[in-house]
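Generate coordinates for the sequence data below:
(one chain, ligands or ions: 1)
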Amino acid sequence: MDEDVRPWTGTVQAHYSDQFADLDDGYGFKFETVPMHPSFQALAAPWESAAQYRERMARLPRTALVGILLRDRFGGRVTVDQDGAAVVDYRVSRYDAAHLRRAIAAAAELLEAAGAREIWVPLARAITYRPGAANARQDWLRRVDAAGWGPNQLLLVTFHQMASCRMGASARTSVVDSEHRVWGIRGLYVADASVFPTSSGVNPMLTVMGIAHRAAGVIAGHLS
Ligand SMILES: Cc1cc2nc3c(=O)[nH]c(=O)nc-3n(C[C@H](O)[C@H](O)[C@H](O)COP(=O)(O)OP(=O)(O)OC[C@H]3O[C@@H](n4cnc5c(N)ncnc54)[C@H](O)[C@@H]3O)c2cc1C
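From the prediction side, this is the model:
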């Protein structure tokens with residue numbers, strides 16, 4: 001940006017857009033502003049050389065972030081290895097990647113409208129463009145595709161893990177029943193974000209608190 005934005009200060013999480021939240025059957029993405037502290041940009045910025053990385057970090061005060069909150073339809077799996085440790089396997093499905101690509105294009109358009117001079121996405125490689133030239137965004141998207149969407153190529157972060165012990169009506173497709181009880185294990189209840197039936201597509205904390213409150217009431221009822 002031409003002026004200081006200082007993305008780590010002020011009212012940092014006050015804007016969002018759900019224009020694209022329902023692209024198909026309730027799945028899509030939202031935009032949210034979020035605070036960008038130096039450590040966050042350090043995680044996201046491409047690294048091709050120390051000098052380039054240093055220069056990008058020095059420009060943090062003039063950097064604005066559009067956060068993409070993707071509601072993914074097809075999640076990953078958490079299994080247990082021989083030592084009893086959790087093993088997380090997550091790959092973005094083709095279906096969700098199509099929404100993500102559309103989100104990246106729309107976020108770039110949004111930043112252009114806000115007056116951004118240079119736009120980049122958290123890829124391992126530095127793929128940037130300067131708005132102005134004809135087809136600049138389309139050309140950039142082609143270069144983003146070419147840089148790759150695989151592991152260690154594009155930074156994806158999860159703040160909102162959910163639905164890993166789904167609540168449902170059958171032991172075949174879920175882990176807990178409608179009363180938070182783990183199917184087949186007497187006295188074991190789950191009361192957190194993992195019982196969401198699907199990814200909710202919104203920041204989940206209030207729902208998590210609601211679920212915990214409900215579970216507490218259910219457990220109290222069973223104990224009395
Ligand atoms: C950086 C960040 C920012 C976020 N911002 C927002 C936001 O703005 N709005 C929003 O709605 N949501 C936000 N979230 C998401 C929200 O914080 C989580 O969805 C929510 O806290 C999940 O609640 P939970 O009870 O399911 O799990 P947690 O809050 O993770 O609680 C799990 C608890 O279990 C404990 N535990 C783990 N293993 C064991 C064990 N073996 N024995 C005993 N205890 C154990 C952990 O210490 C932890 O206290 C954010 C998350 C992150 C990481």
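
Report the contact partners of residue 202.
Residue 202 makes contact with 30, 69, according to CB atoms under 8 Å, 6 or more residues apart in numbering. Any C-beta I mention is one placed from the backbone N, CA and C, and that applies to glycine too.

same thing with the one 10 residues further on?
The contact partners of residue 212, taken as CB under 8 Å, 6+ apart, are 191, 192.

again with residue 192
208, 211, 212 are the contacts of residue 192 under CB under 8 Å, 6+ apart.

go again using 7 Å as the cut-off
Residue 192 is in contact with 208, 212, counting by CB atoms under 7 Å, 6 or more residues apart in numbering.

What of the one 3 residues further on?
Applying CB under 7 Å, 6+ apart to residue 195 gives the contacts 165, 166, 167, 176, 180, 211.

what's the burial count for the last one?
Just to be clear, that refers to residue 211. Residue 211: 20 surrounding residues under other CB atoms under 10 Å.

and if you look at the first one?
Neighbour count for residue 165, taken as other CB under 10 Å: 17.

Same check on the second one?
Residues near residue 166, counting by other CB under 10 Å, number 17.

now it: how far from residue 197?
From residue 166 over to residue 197 the distance is 5 Å, taken as CB to CB, to the nearest Å.

backbone phi and psi for the residue nearest to residue 69 when sequence neighbours are not counted, please?
In this structure, residue 69 finds its nearest non-sequential neighbour in residue 30, 4.4 Å apart by CB to CB, 6 or more residues apart in numbering. Per-residue torsions, residue 30: phi -120, psi 160 (degrees, to the nearest 10).

Spit out the contact partners of the nearest residue to residue 153 once chain neighbours are set aside.
The spatial neighbour of residue 153 that comes closest, neighbours along the chain excluded (CB to CB, 6+ apart), is residue 124 at 5.4 Å. Residue 124 makes contact with 46, 152, 153, according to CB under 7 Å, 6+ apart.

Am I right that the second one sits in a helix?
No: according to DSSP: H, G, I helix; E, B strand; the rest coil, the state of residue 152 is coil, so it is not within a helix.

Tell me, what's the model's pLDDT at the closest residue to it other than its chain neighbours?
In space, and not counting its chain neighbours, residue 152 is closest to residue 124: 6.1 Å by CB to CB, 6+ apart. Note on residue 124: pLDDT of 94.

I'd like to know how far residue 124 sits from the ligand.
Distance of residue 124 to the ligand, given as CB to the nearest ligand atom, to the nearest Å: 22 Å.
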